[in-house]
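K.L.:
How does the following fold in three dimensions:
(one chain, ligands or ions: 3)
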Amino acid sequence: MDTITLARPDDWHLHLRDGAAMQSVLPDTARRFARAIVMPNLKPPVRSVEDARAYRERILAALPAGSNFQPLMTLYLTDNTDPGEIARAQASGFVHAVKYYPAGATTNSDLGVTDLANCGAVFAEMEQHGVPLLLHGEVTDPAVDVFDREAVFIERHLIPLHKKFPALKIVLEHLTTQQGVDFVQAAPANIAATITAHHLLYNRNALFQGGMRPHYFCLPVLKREAHRQALIDAATSGNARFFLGTDSAPHPVGAKETACGCAGIYTAHAAIELYAEAFETARALDKLEAFASHFGADFYGLPRNSERITLKREAWAVPDALPMGETMLVPLRAGESVAWRMVNEAGSVPGPGCLDVAVN
Ligand SMILES: NC(=O)N[C@@H](CC(=O)O)C(=O)O
Ligand SMILES: [Zn+2]
Ligand SMILES: [Zn+2]
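P.N.:
Numbering: from 1, shown residues only. Ligands and ions are numbered 1, 2, ... in the order given. Reported below is the predicted structural model:
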């Protein structure tokens, strides 16, 4: 198979940032995806429906001309989130989920939740209104090994939370472990998980290949090979509760190549192409469409996309760096190649994959 055609995919976990940085990265996503769940970890975070309304307007205003891309907004949960915000979120029509960051777990999580017990009234409202809770599922306990933080989160927090709010829709974001796969497989249909392209393609060796590799550092951190295999098996299994979420997370090169580098990997420039590589290696390209274009929409109760995209097996070179506002970012595969290329509807092959203008 040298070309594949699939319904236009959606990205169920994306960081777009704001301002000039957003202006730079948004076209990469808008060219490939119909919709994306946009993370709220801005500075300051997107905490209210009104914050989300304003952020959504800024995203729409930054879209390339002619793009039909739809940002699906989320609220950043804090210890002080007003339970009344949930009904307003649901009524808004543009807020689709609430995001939980454990305070201090990851980029811009300082205002995150210090104790899930502070949010009981909010979770009760979410359960009642059918608003999904998206989890950065890692404990922050410094006594817990960084590679075990997802598994320990599931035991300590997720299992009790699910017991207390059994009908609450939960997405365990950026799944990285066998334990996470096992939990989702054993859970009922209101529990799902997103899986990134980088966690499907790389294990933790990538962080230390010939030296320290800050551009492979993200949270949750890449795990050992057995976990990557478990993620591949889950993503290609046809189980509708595993679906695509890139967690593409741009940072300026200077914030990555430094003594204390930020967590986050940029993949939006080649997102669906990288998933195609991972699925092809697993001999499961026939499972890509459901994972990328059907299951997430079904879970969120949104219609599947009717437009289609085509990917062609044709290697292209990823530039060493891409613009990010006034500065640059280093994308995944910088200076290397990606095996699949997205072609536009007319069947023509655009120029370098990540520097194209929008194709709709
Ligand atoms: N994944 C990351 O490593 N970083 C994300 C935050 C997150 O998703 O945890 C970011 O905003 O940079
Ligand atoms: Zn996260
Ligand atoms: Zn993220």
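
K.L.:
quick one: pLDDT of whichever residue of the stretch 201-350 of the chain sits closest to ligand 2?
P.N.:
Minimum separation of the stretch 201-350 of the chain from ligand 2 (Cβ to the ion) falls at residue 219, amounting to 5.9 Å. Every residue, glycine included, has its C-beta placed from N, CA and C. Predicted confidence (pLDDT) for residue 219: 98.

K.L.:
Let me know how buried it is, in neighbour terms.
P.N.:
Counted by other Cβ atoms under 10 Å, the residues lying close to residue 219 total 22.

K.L.:
which bits of this structure sit near ligand 1?
P.N.:
Neighbours of ligand 1 within the chain, by Cβ under 6 Å from any ligand atom: 15, 41, 106-107, 136, 218-219, 247, 249, 263-264.

K.L.:
Tell me who's in contact with residue 3.
P.N.:
310-313, 343 (Cβ atoms under 8 Å, 6 or more residues apart in numbering).

K.L.:
Let's see that with 10 Å instead.
P.N.:
310-314, 340-341, 343, 347 (Cβ atoms under 10 Å, 6 or more residues apart in numbering).

K.L.:
Could you find which two of the residues you listed are furthest from each other?
P.N.:
340 and 347 (15.3 Å; Cβ to Cβ).

K.L.:
The two - which one has more neighbours?
P.N.:
residue 340 (25 against 9).

K.L.:
For the strand or helix carrying the more buried one, which outside residues touch it?
P.N.:
According to DSSP states H and E, residue 340 maps onto strand 337-343. For strand 337-343, contacts defined as Cβ under 10 Å, 6+ apart pick out 2-5, 31-32, 269-277, 279-281, 285, 309-318, 331-332, 349-350, 352-354, 356, 359.

K.L.:
and it, which strands flank it?
P.N.:
strand 308-317 (antiparallel) (DSSP bridges).

K.L.:
Buried residues of the strand it pairs with, list them for me.
P.N.:
Buried residues in strand 308-317, counting neighbours by 16 or more other Cβ atoms under 10 Å, are found at 309, 311-314, 316.

K.L.:
same question, stretch 187-200
P.N.:
187, 190-200.

K.L.:
could you measure residue 252 against residue 333, distance?
P.N.:
18 Å (Cβ to Cβ, to the nearest Å).

K.L.:
Kindly write the PyMOL command that selects the buried subset of the contacts of strand 337-343.
P.N.:
Buried subset of the contacts of strand 337-343, written as a PyMOL selection, criterion 16+ other Cβ under 10 Å:
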select buried, resi 4+31+32+269+270+271+272+273+274+275+276+277+279+280+285+309+311+312+313+314+316+318+331+332+353+354+356+359
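
K.L.:
Poorly predicted segments of the stretch 201-350 of the chain, please.
P.N.:
345-350 (pLDDT under 70).

K.L.:
So residue 156: helix, strand or coil?
P.N.:
Three-state call for residue 156 (DSSP: H, G, I helix; E, B strand; the rest coil): helix.

K.L.:
so who does it touch?
P.N.:
Shown in contact with residue 156 (Cβ under 10 Å, 6+ apart): 116, 139, 141, 144.

K.L.:
Repeat the analysis, applying 8 Å as the threshold.
P.N.:
Contact partners of residue 156, counting by Cβ under 8 Å, 6+ apart, are residue 139.

K.L.:
how far away is it from residue 136?
P.N.:
Applying Cβ to Cβ to residue 156 and residue 136 gives a distance of 14 Å.

K.L.:
need the helices for the chain, in chain order.
P.N.:
Ranges of helices in the chain, per DSSP state H, are 19-32, 49-62, 84-92, 120-129, 149-153, 159-164, 178-186, 197-201, 225-235, 253-256, 271-281, 288-289, 295-300.

K.L.:
Which parts of the first one count as buried, going by neighbours?
P.N.:
Which is helix 19-32. 21-32.

K.L.:
For residue 151, state which of those residues is nearest.
P.N.:
When the buried residues of helix 19-32 are compared for distance to residue 151 (Cβ to Cβ), residue 29 wins out at 30.3 Å.

K.L.:
And the residue nearest to the closest one when sequence neighbours are not counted, how far from ligand 1?
P.N.:
What sits nearest to residue 29 in space, not counting adjacent residues and going by Cβ to Cβ, 6 or more residues apart in numbering, is residue 268, at 4.8 Å. Applying Cβ to the nearest ligand atom, to the nearest Å, one obtains 12 Å for the distance of residue 268 from ligand 1.

K.L.:
tell me the contacts of residue 268?
P.N.:
For residue 268, the contact set (Cβ under 8 Å, 6+ apart) comprises 11, 14, 25, 28-29, 32, 246, 248, 250.

K.L.:
how far away is residue 241 from residue 76?
P.N.:
Distance from residue 241 to residue 76, by Cβ to Cβ: 24 Å.

K.L.:
Check the contact between residue 115 and residue 100; I expect there is one.
P.N.:
No: judged on Cβ atoms under 8 Å, residue 115 makes no contact with residue 100 at a distance of 11.5 Å.

K.L.:
The two: who's more crowded?
P.N.:
Neighbours per residue (other Cβ under 10 Å) separate residue 115 from residue 100, with residue 100 holding more: 25 against 10.
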